[in-house]
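**Q** turn this into a model:
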Amino acid sequence: MSTPEQALPFFVYGTLRSGGRNHAVHLAGRCADVRPAVLEGAALHEGPGFPYAVPDPAPGRRILGELVTVRPGAYAGALEALDRLEDCRADGTGLYVRRRAAVRTAAEGLREAWVYFAGPRAEARLRERPALIESGDWADETAR
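**A** The predicted structure follows:
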């Protein structure tokens, strides 16, 4: 986990997407903008029950999700809630780690955002025993 120098939007790809159970709890009412986005150079893996993003330079690897911009007055609370939800720890040992990454939207092109990637233990497990979702889309239930 790192301290944000600025209020970056969040790239969400699983239960935090619009309509997802965690979006309703942690983001609903806090969003200024939500738009489709793509994270390239990463693969989506089954949790189970929730997904993990893992950096993956293989050609064509990408994750489909949403770029969520949180209202300025709600940002600190949203960041704290999402870090807690994702077990994102300051020492980097949590279930997820929050990192800056470039994501692509149709309207804006590349934009920097916070992305929750698999933490070190989860990433090691997924590299050893992949649970790849080939479509890169958690919302595509036929892919799981």
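
**Q** ok, Trp138 touching His45?
**A** No - checked against C-beta atoms under 8 Å, the pair Trp138 and His45 is beyond contact range at 10.1 Å. The C-beta positions use only the backbone N, C-alpha and C, and glycine is treated the same way.

**Q** so what sits against both of those two?
**A** Common contacts of Trp138 and His45 (C-beta atoms under 8 Å, 6 or more residues apart in numbering): Pro51.

**Q** which non-adjacent residue is nearest Arg21?
**A** Thr15 (5.4 Å; C-beta to C-beta, 6 or more residues apart in numbering).

**Q** show me what contacts Ala43?
**A** 53-56, 58, 61, 63, 130, 132-133, 136 are the contacts of Ala43 under C-beta under 8 Å, 6+ apart.

**Q** next, it: phi, psi?
**A** Ala43 has phi and psi values of phi -120, psi 150 when expressed as degrees, to the nearest 10.

**Q** coming back round to it: got phi/psi on the residue nearest to Arg21?
**A** According to degrees, to the nearest 10, Thr15 has phi -70, psi -10.

**Q** can I get the biggest helix by length in the chain in PDB, CA atoms only?
**A** Ranked by residue count and defined by DSSP state H, the top helix of the chain is helix 75-85. What follows is helix 75-85 as a C-alpha-only set of coordinates in PDB (Å, rounded to 0.1, in the frame of the first residue of the first chain):
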ATOM      1  CA  TYR A  75     -12.300  10.100  -1.600                       C
ATOM      2  CA  ALA A  76     -10.500   9.600   1.700                       C
ATOM      3  CA  GLY A  77     -13.400   7.400   3.000                       C
ATOM      4  CA  ALA A  78     -13.600   5.400  -0.200                       C
ATOM      5  CA  LEU A  79      -9.800   4.800  -0.200                       C
ATOM      6  CA  GLU A  80      -9.800   3.700   3.400                       C
ATOM      7  CA  ALA A  81     -12.900   1.400   2.800                       C
ATOM      8  CA  LEU A  82     -11.400  -0.200  -0.300                       C
ATOM      9  CA  ASP A  83      -8.000  -0.800   1.300                       C
ATOM     10  CA  ARG A  84      -9.700  -2.500   4.200                       C
ATOM     11  CA  LEU A  85     -12.000  -4.500   1.900                       C
END
